[in-house]
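Q: Okay, sequence plus prediction incoming.
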Protein chains: 2
Amino acid sequence: MDVTPRGVGLVGESEVVEAIEARLGSVIGEAGLPESLAEACRYAVLGGGKRLRPILAWRAAEAVGGGGSAAVAAGAAVEFVHAFSLVHDDLPAMDDDDMRRGRPTLHKHAGEAMAVLAGDQLLTLAFAAIASSGVDGVTMGRLVGELSAGTTGMIAGQVHDTLGGHAAGLSDREKLIETHRQKTGALIRAACRMGAISAGADDGQLAAVTRFGEAIGLMFQAVDDLLDVTQSSEHVGKRTGKDAEAGKLTYPGIMGVDATREAIEGLRIEAAGAVESLGESAEPLGRLAERLAVRTA
Amino acid sequence: MDVTPRGVGLVGESEVVEAIEARLGSVIGEAGLPESLAEACRYAVLGGGKRLRPILAWRAAEAVGGGGSAAVAAGAAVEFVHAFSLVHDDLPAMDDDDMRRGRPTLHKHAGEAMAVLAGDQLLTLAFAAIASSGVDGVTMGRLVGELSAGTTGMIAGQVHDTLGGHAAGLSDREKLIETHRQKTGALIRAACRMGAISAGADDGQLAAVTRFGEAIGLMFQAVDDLLDVTQSSEHVGKRTGKDAEAGKLTYPGIMGVDATREAIEGLRIEAAGAVESLGESAEPLGRLAERLAVRTA
């Protein structure tokens, strides 16, 4: 199935999510995987999730006058990367998490070897999703470059978050921003940019979408940090309170809960302002920033 | 640095290897990685290795009249995938190997979390190497598709090798061929095809190179299996005898040492015959098959 843009705001979010999930399933189905590996991939990527990144890719495409199957492919690619990162982050050698989205993590469900391999496969499928997207060659090259840069930033953030290794002389606050900008921000930024690129954005449009993506990337992680200290595990669907346990740098840990809320509000305003110049077609994208600022799960 | 083809057989193998290693290093250097992650990536990919796959890519490009930086980029991409697969295969949850190429494996050297992350990063850099290759958009799309298909085949082979899950009703010999065709063969095939594609091969040329790649892919693993039972660990540079210990399907285990040698000879002849039609420019590629059939490490 596919969705095509029918004018501003006329494509509902559920329709976008449906198109994305269909595409995720078809990329897995067309890869010729052994059934056990395909099942593990589906478990990881089709077992729920907010589909935030593909929705961002879609809304960013829409904001610059595009959409359609190219935006769905771009979004699916980013979602595969997101899914792979969760599978590997949950491994015993990493965060050692047993639960994810209210279900056992993949290594608990299918064993650790399969979780390593399925994570690798999901990352590979991200690029396969672009290769089979049908976009023109130049756009494809740019999408592959954006996806590899976004993934690289995310992995760099994981290294900082899990193993440290920041440049010398940074304050805790600077380390926090650097980690968050990479760990969560790089892929959210890539989602926004890839959506815009899939739609043939010009330089000015791409710059606006990039500023939006950078602001909400940081905001998203600040909200995540806040939920980790203010919400129960049952509500969020994964173990909370673990950042403090693990001694990780977080917004509330560094600046307290109130200042974290203020930072979130500042980033929300920054994001909304970034895409105002794109006009009416960017309104659904701007509204996403509002919603992400006040999410509770 | 770069190499440019100067006529049949005039580019020596050491020159190709030098260009490949320079490119591997520059892709890592340009990715903006935290130093610890960059060091882990260099340890994994620049710490030796025969560079078989990039040499195949180069010789395949040369066989159809190409070469140059596009072939180097294609080869580097495949080598990054190969390096990532070794890092993850060596993990405790997988083959649990302590030594690789006569040195501690990456998780022994840098810890298990870093080995997971560096493997992910190396896989990402494979695609980054193509994105930054400067080839035209159509070629880039084909290279990304080939690389993701080759990587997918390799991971599928790992699943079969490590976890089983073959289709019902296959004999041990059929399972062996399926596993080897994927585990080692898919990436060797991809290396040959990507080299040829980078050089603008026509359909007939690509088909010849593909038949060559499929034959030597299977042959390479048959030789590996043979070395595992006939050579010492010191000589090969990694632990030998482990396939039998692990109860894995191998050529010698299924058909005995003598029949394995005969199978290798048959595949060598098949490979050499496949590229004869490409003429003089394919002679260095053909000679690689001879050499790989009789390698002892």
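A: Yes, it's here.

Q: can you list the weak-confidence ranges in the stretch 1-150 of chain A?
A: Residues of the stretch 1-150 of chain A that meet the criterion pLDDT under 70 lie in A:1-10.

Q: any chance you could map the strands in it?
A: In order along the chain, the stretch 1-150 of chain A carries the following strands (DSSP state E, counting those that start in this stretch): A:99-100, A:103-104.

Q: which one of those strands is the most hemmed in?
A: Sort these by mean neighbour count, taking mean count of other CB atoms under 10 Å in any protein chain shown, and strand A:99-100 sits at the top with a mean of 18. To be clear about C-beta, it is placed using only N, CA and C from the backbone, and glycine gets the same treatment.

Q: Sheet-wise, list the partners of that strand with their directions.
A: Using DSSP bridges, the strands paired with strand A:99-100 in its sheet are strand A:103-104 (antiparallel).

Q: Give me the contacts around the strand it pairs with.
A: Contacts with strand A:103-104, where a contact means CB atoms under 8 Å, 6 or more residues apart in numbering or on different chains, come from A:Gly47, A:Gly48, A:Asp98, A:His109.

Q: Right, and chain B sits closest to which residue of chain A?
A: The shortest separation between chain A and chain B is 1.9 Å, found at A:Gly137 (distances taken as CB to the nearest CB).

Q: what's the following helix or strand after whichever helix or strand A:Ala271 is part of?
A: Taking DSSP states H and E as the definition, A:Ala271 sits inside helix A:251-274. Remark: after helix A:251-274, the chain's next helix or strand is helix A:283-293, criterion DSSP H and E.

Q: Name the residues that touch that next one?
A: Outside of helix A:283-293, the residues that reach it under the criterion CB under 8 Å, 6+ apart are A:8-9, A:52, A:55-56, A:59-60, A:62-63, A:209, A:212, A:215-216, A:219-220, A:223, A:264-265, A:267-268, A:271-272, A:275-276, A:278.

Q: rerun at 6 Å
A: A:Gly9, A:Arg59, A:Ala63, A:Ile216, A:Phe220, A:Ile264, A:Arg268, A:Ala271, A:Ala272, A:Val275 (CB atoms under 6 Å, 6 or more residues apart in numbering or on different chains).

Q: re the thing from before, I'd like the contacts of strand A:103-104 laid out as a markdown table, including distance to chain B and neighbour count.
A: Output for the contacts of strand A:103-104, formatted as a markdown table (distance: CB to the nearest CB, whole Å; neighbours: other CB atoms under 10 Å in any protein chain shown):
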| residue | distance to chain B | neighbour count |
| --- | --- | --- |
| A:Gly47 | 19 | 14 |
| A:Gly48 | 23 | 11 |
| A:Asp98 | 16 | 13 |
| A:His109 | 14 | 16 |
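
Q: In terms of pLDDT, where does the closest residue in space to A:Ala70 that isn't next to it in sequence sit?
A: In space, not counting the residues next to it along the chain, A:Ala70 is nearest to A:Ser198; the distance is 3.9 Å by CB to CB, 6 or more residues apart in numbering or on different chains. What the model reports for A:Ser198 is a pLDDT of 97.

Q: so A:Ser198 touches A:Val72, yeah?
A: No - judged on CB atoms under 6 Å, A:Ser198 makes no contact with A:Val72 at a distance of 8.8 Å.

Q: got the residue ranges for the helices in the stretch 1-150 of chain A?
A: Counting by DSSP state H, counting those that start in this stretch, the segments of the stretch 1-150 of chain A that form helices are A:13-30, A:35-45, A:52-63, A:68-89, A:106-110, A:112-131, A:137-163.

Q: Please identify the residues of chain A in proximity to chain B?
A: Taking CB under 6 Å from any CB of the partner chain as the criterion, the neighbours of chain B within chain A are A:31, A:33-34, A:36-37, A:88, A:93-94, A:112-113, A:116-117, A:120-121, A:123-124, A:127-128, A:131, A:137-138, A:140-141, A:144-145, A:148, A:151-152, A:155-156, A:158-159, A:162, A:165.

Q: Using PyMOL, define a selection of the buried residues within those.
A: Listed next is the PyMOL selection for buried residues among the residues of chain A next to chain B, using 16 or more other CB atoms under 10 Å in any protein chain shown:
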select buried, chain A and resi 31+33+34+36+37+88+93+94+112+113+116+117+120+121+123+124+127+128+131+140+141+144+145+148+151+152+155+156+158+159+162
